[in-house]
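A.B. asks: here is my input, please return the structure:
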Amino acid sequence: MAPLSSSEVVALLARVPLFATLQSEDLERIAQLAVPRTFGPGQVVFREGDASDTCYVVRSGRVRAVREHSDGRTITLANFGRGDIFGELAMFEDERRSATIEAIEETEAVAVLGPDMRRLMGEHSEISLRLVVALGRRLRETNERLARRSFDTVQSRVAVALRELVAQAVAEGAAGSEVEVLSTQADIAKLAGSSRESASRSLAVLERAGVISQGRGRVIVHDPHSLEGYVY
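C.D. replies: You can find the predicted model right below:
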């Protein structure tokens, strides 16, 4: 990973919604704590149950958060791309990790140690206050999203998963009326919280309707706006 200047790290941190309430001088202080990290495809960043000592912001590439159920199923909780933060609770406490994070592709990130961040917040109480407000908003949005999904059909959850993947691809630079999503049916099934068979049937419905085309390890979304018609 090429060395990052302080201004580049600040620009990356400014993309993080959790840091949206911080002032530029706050971001500069956090940037001074950041350490570059690189993860290869399939590499585990940390596992569920590990000590929570570091948070990460993605510079490039993608990672996903997964959890294993007692019945052996693996569910993808979220995907993270450029400008996304994960492991952020390490900034506030030394709890165990609630999920496993693994790299989907070659990924570059910056890492901030929890103890360093807590020391910074102790020295600058205004940073603590702004982060607590932003974290509360994020928690509320997450709860609302989970509540909506508990009533969704598989078809709806697959459409929502594709919509999120499209938004991530666009944020990473995809342009044009069609968007290519580099995810397998198994990836989409995990993200939608369904079996691969159920997700495959839902993707087939979208393909017959001309909304998507499928290839090996990728999905081309021809009309992202049409996905909204399958979210209910």
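
A.B. asks: strands of the chain, start to end?
C.D. replies: 35-39, 44-46, 54-60, 63-68, 74-80, 85-86, 100-103, 107-113, 179-181, 212-215, 218-221 (DSSP state E).

A.B. asks: of the ones you listed, which shows the lowest average pLDDT?
C.D. replies: Per-stretch mean pLDDT for the strands of the chain is lowest at strand 74-80 (a mean of 79).

A.B. asks: how about the strands of the chain in TSV, adding distance to Ala171 and mean neighbour count?
C.D. replies: All C-beta atoms are positioned from the backbone trio N, CA, C, and that covers glycine. Shown next, in TSV, are the strands of the chain (distance: least, C-beta to C-beta, whole Å; neighbours: other C-beta atoms under 10 Å):
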stretch	distance to Ala171	mean neighbour count
strand 35-39	19	16
strand 44-46	20	18
strand 54-60	11	22
strand 63-68	15	18
strand 74-80	11	17
strand 85-86	14	21
strand 100-103	18	21
strand 107-113	15	22
strand 179-181	11	19
strand 212-215	19	16
strand 218-221	15	18
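
A.B. asks: closest to Glu93 out of the ones you listed?
C.D. replies: Judged by C-beta to C-beta, the one of the strands of the chain that comes nearest to Glu93 is strand 54-60, at 11.5 Å.

A.B. asks: the closest one packs against which elements?
C.D. replies: Under the contact definition 3 or more C-beta pairs under 8 Å, 6 or more residues apart in numbering; DSSP states H and E, strand 54-60 sits against helix 6-14, strand 85-86, strand 107-113, helix 114-123.

A.B. asks: next, the angle strand 107-113 makes with it.
C.D. replies: If you take axes from the mean of the first three to the mean of the last three C-alpha atoms, to 10 degrees, strand 54-60 sits at 150 degrees to strand 107-113.

A.B. asks: in its sheet, what does strand 54-60 sit against?
C.D. replies: Strand 54-60 has the following strand partners under DSSP bridges: strand 85-86 (antiparallel), strand 107-113 (antiparallel).

A.B. asks: adding distance to Arg37, write these out as TSV.
C.D. replies: Formatted as TSV, the strands paired with strand 54-60 follow (distance: least, C-beta to C-beta, whole Å):
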stretch	distance to Arg37
strand 85-86	12
strand 107-113	5
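
A.B. asks: I'd say Glu68 and Arg47 touch.
C.D. replies: No. Using C-beta atoms under 8 Å, Glu68 makes no contact with Arg47, being 10.1 Å away.

A.B. asks: distance to Asp53 for the helices and strands packed on strand 54-60 - can I get that in JSON lines?
C.D. replies: Below are the helices and strands packed on strand 54-60 laid out as JSON lines (distance: least, C-beta to C-beta, whole Å):
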{"stretch": "helix 6-14", "distance to Asp53": "19"}
{"stretch": "strand 85-86", "distance to Asp53": "14"}
{"stretch": "strand 107-113", "distance to Asp53": "6"}
{"stretch": "helix 114-123", "distance to Asp53": "5"}
